[in-house]
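Enquirer: Quick one: sequence plus predicted model below, questions after.
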Amino acid sequence: MNKRRFLALAATAAVLPSWPLTLLAQAATPASFASVSKHYAVLVSAAYDDTLAAAQALQAAVGAFTRQPTAESLAAARQAWLDAREWYGQTEAFRFYGGPIDDDKGPEGRINAWPMDESFVDGTRDRPTAGLINDRKAPITKAHLSKMNERGGEENIATGWHAIEFLLWGQDSSDNGPGDRSFEDFVDGKRPQADRRRRYLTVVTELLIDDLRFLATAWKPGVRGNYRARFEAGGQESVRKIIVGLGSLSRGELAGERLEVALNTQDQEDEHSCFSDNTHRDAVNNALGIENVWLGQYRRRDGSTVQGASLRELVQARDPAVAERTTRQISQSVAAAREIRAPFDQEILGDDNAPGRRRIKTVIDSLVQQSKDLVDAASAIGITQLTLVNP
C-alpha cells in the first residue's frame, strides 16, 4: 500500500472514531504473496458461484422452453444464455496454469470448446439429416455426449456453451443479426427429431451445470484437500500461476485465437459465439476478468463487491512505475474491447482501414502490450519463470 492511500485511510479513521482499529491495520498491511493468493481464491470462488447460479437460471429457462416450446419461451432461454455468458467470460482469467478447469482431467474442453462443426450435433442447411440428433441410434445421455465431444476432430463439439448456443439460435445466415432458429424445431409434428432436440438441449445443459458445480467445489472455502486449500498454501508459486493465466489469456487466447485469427481469415466460422452474435461481449468479459484479478476486485451478480489484496498492490510496492503502466494498459484493453460492435462477423470484413477491423486491431495491440507489461510486473516481484500460452 502506498503512503497516500494509508494517509487517506488514517484521515478517514480520524473522523470516524468508531471504525475498528483492526480494520485500519488490515487495510494498511502491505500485500504479500500469501495475501494475494488467498484473496485470489476468494475472488475465483465468488466468480464460479455466480456463474453456476446464472447457469442454473439458464437451466430453468431451458426447462420451461422444452416443456412448452413457443417463440416467447425460446426468447427467454436465449436471454438466459446471454446473461450467463456475462459471468462465465470473466472466469476465463482463471485458466492456463493447470488448475481445476484445464489440468489433464479438467472440463474446459467440455465447457467452452470452439469453433464448432454444427453438423456434428444437428442438421444444417447443407446437411439437413446430419448430427447426433438425427442418429436415433445415438443415446442422448451425459456420458455419451461427454464421450463424443471432440471425437474424431477438435471441431466435433458435442457439449458446452456453444452446443447450447447452436441449439437455441441455429446457424447464423444473417449479415445483420444472429441465427434465427424457429421454436418449431422443438415441436413434435412440426420438425423431424423434435423430441431428440428437446432431449439434447436438456441433457447438454445439465452437463454444463455439473461441470460448473465441479469448479465451484474445487474453489469452495473450508474443504480439506481441495484445489483451493493447496493453492492458498502455494505462496509465490501460486502468484506465478495467476500471472501465467492473465498473460496467456491476454496474448495467446484473446488477442490470438479469438481476435487475430478471425481478423486474418475474415471467416464467420472463426468467431467465438457465432450463432448468437455475442462475440463482442465475450471479448469484453475476458478483458474485464483480467482486470478483476489484477486489481483484486470483482462485482458480484447480487451487486456486492469483493475487494482485497491484489497483484497491483504487490507490484506497486516493488516497482510503482511498472504497476501504474500495467494498470493503465489493462484498463485501456477493457475500454477498447467495449468499442467492438455487433455483429462481430461484420466487424472483421473489409480492408485494414475498415472501421471495424481497426477497432479489433486496437484491442489486439493493447492486449499484446499488456501481456508484455504483465511479464515486467512478474519480474518486478522476482518471478521470472513464466510459460505463457502464445498464439
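Expert: Looks like it arrived, so ask away.
Enquirer: pretty sure Gly179 is in a strand, no?
Expert: No - judged by DSSP: H, G, I helix; E, B strand; the rest coil, Gly179 forms no part of a strand; its state is coil.
Enquirer: Next, count neighbours for the residue lying closest to Asp351 once chain neighbours are set aside.
Expert: Nearest residue to Asp351, sequence neighbours excluded (Cβ to Cβ, 6 or more residues apart in numbering): Arg357, at 7.5 Å. Bear in mind the C-beta positions are built from the backbone N, C-alpha and C, glycine included. Residues near Arg357, counting by other Cβ atoms under 10 Å, number 17.
Enquirer: Now Arg357: which helix or strand?
Expert: Per DSSP states H and E: Arg357 is located in helix 355-380.
Enquirer: which ones are touching the residue nearest to Asp351?
Expert: Leu263, Glu347, Ile348, Leu349, Gly350, Asp351 (Cβ atoms under 8 Å, 6 or more residues apart in numbering).
Enquirer: Show me the shaky parts of this structure.
Expert: Within the chain, the stretches with pLDDT under 70 are 1-28, 388-391.
Enquirer: got the contact list for the residue nearest the centre of it?
Expert: Taking Cα atoms, centre = their mean as the criterion, Gly89 is the residue nearest the geometric centre of the chain, at 2.3 Å. With contact taken as Cβ under 8 Å, 6+ apart, Gly89 is in contact with Arg281, Asp282, Val284, Asn285, Asn286, Leu288, Gly289.
Enquirer: if you set the cut-off to 10 Å instead, what comes out?
Expert: 51, 112, 161, 272-273, 278, 281-289 (Cβ atoms under 10 Å, 6 or more residues apart in numbering).
Enquirer: mind checking how far it is from Thr279?
Expert: 11 Å (Cβ to Cβ, to the nearest Å).
Enquirer: Residues that sit against both of those two, list them.
Expert: With Cβ under 10 Å, 6+ apart as the test, Gly89 and Thr279 both reach His272, Ser273.
Enquirer: just checking, what packs against whatever helix or strand Val204 lives in?
Expert: Val204 belongs to helix 194-218 when assigned by DSSP H and E. Judged by 3 or more Cβ pairs under 10 Å, 6 or more residues apart in numbering; DSSP states H and E, the packing partners of helix 194-218 are helix 33-67, helix 71-91, helix 108-112, helix 142-148, helix 161-169, helix 227-232.
Enquirer: Looking at these, which is nearest to Arg341?
Expert: helix 71-91 (16.3 Å; Cβ to Cβ).
Enquirer: what about the closest residue to Leu212 other than its chain neighbours, neighbour count?
Expert: Computed as Cβ to Cβ, 6+ apart, the closest residue to Leu212 that is not its neighbour in sequence is Leu52, at 4.5 Å. Applying other Cβ under 10 Å, we find 22 residues neighbouring Leu52.
Enquirer: Contacts only, for Leu52.
Expert: Ala84, Trp87, Tyr88, Leu208, Ile209, Asp211, Leu212, Arg213, Phe214, Leu215, Ala216, Thr217 are the contacts of Leu52 under Cβ under 10 Å, 6+ apart.
Enquirer: repeat for Thr387
Expert: Phe96, Tyr97, Arg240, Val244, Gly247, Ser248.
Enquirer: how near is it to Ile290?
Expert: 18 Å.
Enquirer: cool, Val261 as well?
Expert: 19 Å.
Enquirer: Settle it for me: which of the two has more neighbours?
Expert: Between Val261 and Ile290, counted using other Cβ under 10 Å, the more crowded position is Ile290 (26 against 16).
Enquirer: Assumed Val306 was part of a helix.
Expert: No - read with three-state DSSP, Val306 is strand and lies in no helix.
Enquirer: In three-state terms, label the nearest residue to it once chain neighbours are set aside for me.
Expert: Nearest residue to Val306 in three dimensions, chain neighbours excluded: Tyr298, at 4.5 Å (Cβ to Cβ, 6+ apart). Following three-state DSSP, we place Tyr298 in the strand state.
Enquirer: and if you look at Asp351?
Expert: Per three-state DSSP, Asp351 ends up coil.
Enquirer: Only whichever of the contacts of Arg357 are buried, select them in PyMOL.
Expert: Buried residues within those, by 16 or more other Cβ atoms under 10 Å, are selected in PyMOL with:
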select buried, resi 263+347+348
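Enquirer: any idea which of the contacts of Arg357 is closest to Ala138?
Expert: Checking the contacts of Arg357 one by one against Ala138 (Cβ to Cβ), the nearest turns out to be Ile348, at 34.7 Å.
Enquirer: List the contacts of that closest one.
Expert: Ile348 neighbours (Cβ under 10 Å, 6+ apart): 259, 261-268, 270-271, 279, 340, 354, 356-357, 360.
Enquirer: Just these: which are in strands?
Expert: Judged by DSSP state E, the contacts of Ile348 include no members of strands.
Enquirer: From those, list the buried ones, please.
Expert: Leu259, Val261, Ala262, Leu263, Gln268, Asp270, Glu271, Thr279, Ile340, Gly356, Arg357, Ile360.
Enquirer: ok, the last one touching Leu259?
Expert: Yes - the pair Ile360 and Leu259 qualifies as a contact (Cβ atoms under 10 Å) at a distance of 5.7 Å.
Enquirer: shared neighbours of these two, anything?
Expert: Listed contacts common to Ile360 and Leu259 are Ala283, Ala337, Ile340, Phe344, Ile348; contacts here mean Cβ under 10 Å, 6+ apart.
Enquirer: In a markdown table, list these along with distance to Gly303 and secondary structure.
Expert: Formatted as a markdown table, the shared contacts of Ile360 and Leu259 follow (distance: Cβ to Cβ, whole Å; DSSP: H, G, I helix; E, B strand; the rest coil):
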| residue | distance to Gly303 | secondary structure |
| --- | --- | --- |
| Ala283 | 24 | helix |
| Ala337 | 22 | helix |
| Ile340 | 26 | coil |
| Phe344 | 29 | helix |
| Ile348 | 35 | coil |
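Enquirer: Could you count how many residues lie near Gly303?
Expert: 6.
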